[in-house]
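> Fold the stuff below for me.
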Amino acid sequence: MTRPALLAWSLCALAFAVVAAGVAVHIMSWNVARPTGLTPRGFAILLAVTFSIVGAFVASREPRNAVGWIFAVAGVASAIQYAAEQIAYLASEQSASPLLAPAAVVVFIVGGTNSLATGISLLYLFPTGRFLDRRDRMFAIAGITSAAVTVGVTLTVLERLPVPFAGIPNPFAQPSGTTPAIPIPIPIAIAMLFAIFGSLAMGVRALTRRFRRSTGVERQQVKWFVFVGSIEGVTLVLTYVALAVSFYTTRTEDLLAETPLFVRVPVLLNIAAFVLIPPVLGVAILRYRLYDIDVLINRALVYGATTAGIAIAFFAGIVVLQTILRPLTNGSEIAVAASTLASVALAQPLRTRMQDAVDRRFYRSRYDAARTLDAFSVRLRDQVALDAVRADLLDAVRDTVQPAHAGVWLRRRS
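I've put the predicted structure just below:
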């Protein structure tokens, strides 16, 4: 085993050792009441396992690619976050436990810094593991530094830590009435936040430039990144929309007591998309079934649009039918049943239309090729002359496959 491979798998083993310790503490604190929150307890264990395994595979096979090492380090950091969170749960059973505040501080620092640093690094370095130019390197370093400074400054401002339990006294907070060690910390934190957003925006720009310059394998790899990143972004936007709706429609005390289902679903989808990032990007780097990404994007667009259309038709049908049938019936079962039947009948025609629209808009060459073959099959049914069939076949091949040369060989019967 080479030294890079040994180091990569050693980091993976370290992450699993920390996860094992966290699992033991998790079992010991299994009966500790969990406060209402958006993310499930132990969410970091999924990140630790996926990041560390994918990081070990990629770093051992592509040691010069920095992406594998980013995954490996992120896996170790996620394992530390998970173990510290479980220690905080165990220590929360005793209000005066000396481990509660330090464990919560570790969760806060590692969780905030790890996610931001990993996201910024991947935007600038994926898939080759190298920056496009010095300017991108400067923006990436500035973004990661700003993330670390933001977490540190925020730690001096908050009187109580928000994770994993809201209300834990912050041992690093400045006592009220004293001069802060860091002057005007809140303006510094705001400035660092703007620097982080600027770095993320320049990272998206760098990924766009990389896609425009790339060809062949690298272009397909960037497509994988854009695919999983789009899913993560869409689910994140849905989460924020659901949160905004819940704040306007649910009383604050009820929202704190129990998170509504329409908020938990997009949150869980966002978590699943985030966990999928390491294996998807690992597949792209190791080039396993690399060109299947076009099929995935096509299917995601078609079935996503079809599902959205059916959902809109279903709920709109319920509203309309309830309004019409309210004078005739007191229940809503008829409206629900009719909307369900209409949605089932609408599914296949809507999917066909969505497939046609997606192919026409995003896969024009494939759409044109399918139309050419359909036209050729129609002509072939009515064509009798062999020379005409040969000419039509060559025209169809040139329009669809676009070869450099095309010919038809006919075997003579003896």
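
> Every contact and neighbour count from this point should use C-alpha atoms.
Noted.

> ok, now how distant is Asn114 from Val54?
To Val54, Asn114 is 16 Å away according to CA to CA, to the nearest Å.

> Distance of Val265 relative to Ala48?
On the measure of CA to CA, Val265 and Ala48 end up 23 Å apart.

> With neighbour numbers in mind, choose between the two.
With neighbours defined as other CA atoms under 10 Å, Val265 and Ala48 compare such that Ala48 has more, 28 against 16.

> Point out where the stretch 251-400 of the chain drops to low pLDDT.
Applying pLDDT under 70 to the stretch 251-400 of the chain flags the ranges 251-262, 288-298, 300-301, 304, 314-337, 339, 358-376, 378-390, 392-400.

> Next, Pro63: phi, psi?
Phi and psi for Pro63, reported as degrees, to the nearest 10, are phi -70, psi -20.

> Any idea how many residues pack against the nearest residue to it once chain neighbours are set aside?
Nearest residue to Pro63, sequence neighbours excluded (CA to CA, 6 or more residues apart in numbering): Pro4, at 6.0 Å. Neighbour count for Pro4, taken as other CA under 10 Å: 17.

> and stretch 271-289, which residues are buried?
For stretch 271-289, burial by neighbour count (16 or more other CA atoms under 10 Å) applies to 271, 273-278, 280-285.

> still on that earlier bit, Asn114 and Val54: who's more crowded?
More neighbours surround Val54 than the other of Asn114 and Val54, with 23 against 20 (other CA under 10 Å).

> In contact with the more buried one: list those residues for me.
Shown in contact with Val54 (CA atoms under 8 Å, 6 or more residues apart in numbering): 68, 71-72, 278-279, 282.

> quick one, strands of the protein?
160-161, 168-169 (DSSP state E).

> domain assignment for the chain?
If you go by automatic domain parsing, the domain ranges for the chain are 3-216, 310-362, 364-414.

> check contacts around Glu232.
Glu232 makes contacts with 270, 273-274, as judged by CA under 8 Å, 6+ apart.

> Looking at the residues you listed, which is nearest Val204?
The closest of those to Val204 turns out to be Phe274 (CA to CA; 17.3 Å).

> Tell me the spacing between that closest one and Val32.
Phe274 sits at a distance of 27 Å from Val32 (criterion: CA to CA).

> again, but for Gly22
For Gly22 relative to Val32 (CA to CA), the value is 15 Å.

> Quick check: which ranges of the stretch 1-150 of the chain have low pLDDT?
For the stretch 1-150 of the chain, applying pLDDT under 70 flags the ranges 33-39, 94-96.

> go with 90
Regions of the stretch 1-150 of the chain meeting the criterion pLDDT under 90 cover residues 1-4, 25-47, 57-58, 61-65, 84-116, 119, 126-129, 132-133, 147-150.

> which residues of it fall in helices?
Counting by DSSP state H, counting those that start in this stretch, one finds helices in the stretch 1-150 of the chain at the ranges 3-28, 43-61, 66-91, 100-125, 134-157.

> which of those sits most buried?
helix 66-91 (a mean of 27; mean count of other CA atoms under 10 Å).

> tell me which strands and helices that helix is in contact with?
helix 3-28, helix 43-61, helix 100-125 (3 or more CA pairs under 8 Å, 6 or more residues apart in numbering; DSSP states H and E).

> got CSV for the ones you listed, with distance to Pro349 too?
CSV is the format used below for the helices and strands packed on helix 66-91 (distance: least, CA to CA, whole Å):
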stretch, distance to Pro349
helix 3-28, 49
helix 43-61, 39
helix 100-125, 39
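
> Looking at those, which is nearest to Arg205?
Between Arg205 and those, the tightest spacing by CA to CA is seen for helix 100-125, at 8.9 Å.

> Point out the other helices and strands that the closest one packs with.
Here helix 100-125 touches helix 66-91, helix 134-157, strand 160-161, strand 168-169, helix 185-213, going by 3+ CA pairs under 8 Å, 6+ apart.

> elements contacting the second one?
Using 3+ CA pairs under 8 Å, 6+ apart as the contact test, the elements touching helix 134-157 are helix 100-125, helix 185-213.

> wait, which of those is closest to Phe43?
Evaluated with CA to CA, the helices and strands packed on helix 134-157 place helix 100-125 nearest to Phe43, the distance being 11.1 Å.

> and the angle for the closest one with helix 66-91?
Relative orientation of helix 100-125 versus helix 66-91 (axes from the mean of the first three to the mean of the last three CA atoms, to 10 degrees): 160 degrees.

> what's the angle from helix 100-125 to helix 185-213?
Using the same axes, to 10 degrees: helix 100-125 against helix 185-213 is 30 degrees.

> picking up where we left off before, TSV for the helices and strands packed on helix 134-157, including distance to Leu155?
Shown next, in TSV, are the helices and strands packed on helix 134-157 (distance: least, CA to CA, whole Å):
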stretch	distance to Leu155
helix 100-125	8
helix 185-213	10
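
> So which of the ones you listed is nearest Ile144?
Comparing the helices and strands packed on helix 134-157 under CA to CA, the one sitting nearest is helix 100-125, at 5.1 Å.

> between that closest one and helix 43-61, how many degrees?
Angle, helix 100-125 to helix 43-61, by the same axes, to 10 degrees: 40 degrees.

> Start the count at 10 instead of 1 going forward.
All right, first residue 10 from here; so that's helix 109-134.
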